[in-house]
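Colleague: Fold the following, please.
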Amino acid sequence: TDSTLEVEKQRKRGNELFGATNFAGAVEAYSLALAAALTEGSESGKCSAARILANRAACHLKMQQSTHALSDAKLAIDMDPTYAKAYYRLAHSLESIGRRREAHEAMKKAKEANAPAAKGGDTVTGTGVVPVGAAVVGTAVEQAELPEDEQ
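Modeller: The predicted structure follows:
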């Protein structure tokens with residue numbers, strides 16, 4: 001359909017702009033892709049929307065707009081609770097606003113959501129799946145356990 005073509009066109013444009021470090025432009029492109037995905041009203045539209053929201057969250061994080069990133073990550077999880085990258089973005093967002101315990105929990109969920117794909121399953125689809133054992137480098141969520149002061 002026309003909306004599917006528009007989703008793909010704007011998503012690719014967003015990816016290109018992100019790669020060129022034009023994060024504000026990427027947010028705009030992802031927003032257009034999101035609007036088109038939501039007009040589809042199908043399950044595949046919801047899955048596309050989740051991926052687009054996770055990408056837009058990454059842009060917000062790069063621009064240090066943590067609350068916008070947090071909102072997009074939560075919406076992505078609402079759209080597709082099996083999408084590991086959405087939990088990964090949520091973890092980064094929470095860490096950036098100092099909510100380390102919640103960030104740790106979100107990273108655990110990212111790893112859990114990614115486990116079926118790592119074992120050859122197909123729960124997590126699309127590109128950019130969080131690798132098994134991935135960590136938010138330089139943060140408390142990279143450790144298997146929380147530091148004593150966070151427990």
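Colleague: For the chain, just list every one of the strands.
Modeller: Applying DSSP state E to the chain gives no strands.
Colleague: just for it, where's the confidence low?
Modeller: Counting by pLDDT under 70, the chain contains low-confidence ranges at 1, 115-151.
Colleague: all helices for it, in order.
Modeller: 2-19, 23-40, 43-62, 66-79, 84-96, 100-118 (DSSP state H).
Colleague: Mind giving me the packing neighbours of the fourth one?
Modeller: Okay, so that is helix 66-79. In this structure, helix 66-79 makes packing contacts with helix 43-62, helix 84-96, judged by 3 or more C-beta pairs under 8 Å, 6 or more residues apart in numbering; DSSP states H and E. C-beta coordinates here come from the backbone N, C-alpha and C atoms, glycine included.
Colleague: if we can go back for a sec, turn the helices of the chain into CSV, including mean neighbour count.
Modeller: Shown next, in CSV, are the helices of the chain (neighbours: other C-beta atoms under 10 Å):
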stretch, mean neighbour count
helix 2-19, 17
helix 23-40, 21
helix 43-62, 23
helix 66-79, 20
helix 84-96, 26
helix 100-118, 19
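Colleague: May I see the helices and strands packed on helix 66-79 arranged in a markdown table, with distance to residue 32 as well?
Modeller: Below are the helices and strands packed on helix 66-79 laid out as a markdown table (distance: least, C-beta to C-beta, whole Å):
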| stretch | distance to residue 32 |
| --- | --- |
| helix 43-62 | 10 |
| helix 84-96 | 20 |
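Colleague: Relative to residue 22, which of these is closest?
Modeller: helix 43-62 (9.3 Å; C-beta to C-beta).
Colleague: Tell me which other helices or strands that closest one touches.
Modeller: Going by 3+ C-beta pairs under 8 Å, 6+ apart, helix 43-62 lies up against helix 2-19, helix 23-40, helix 66-79, helix 84-96.
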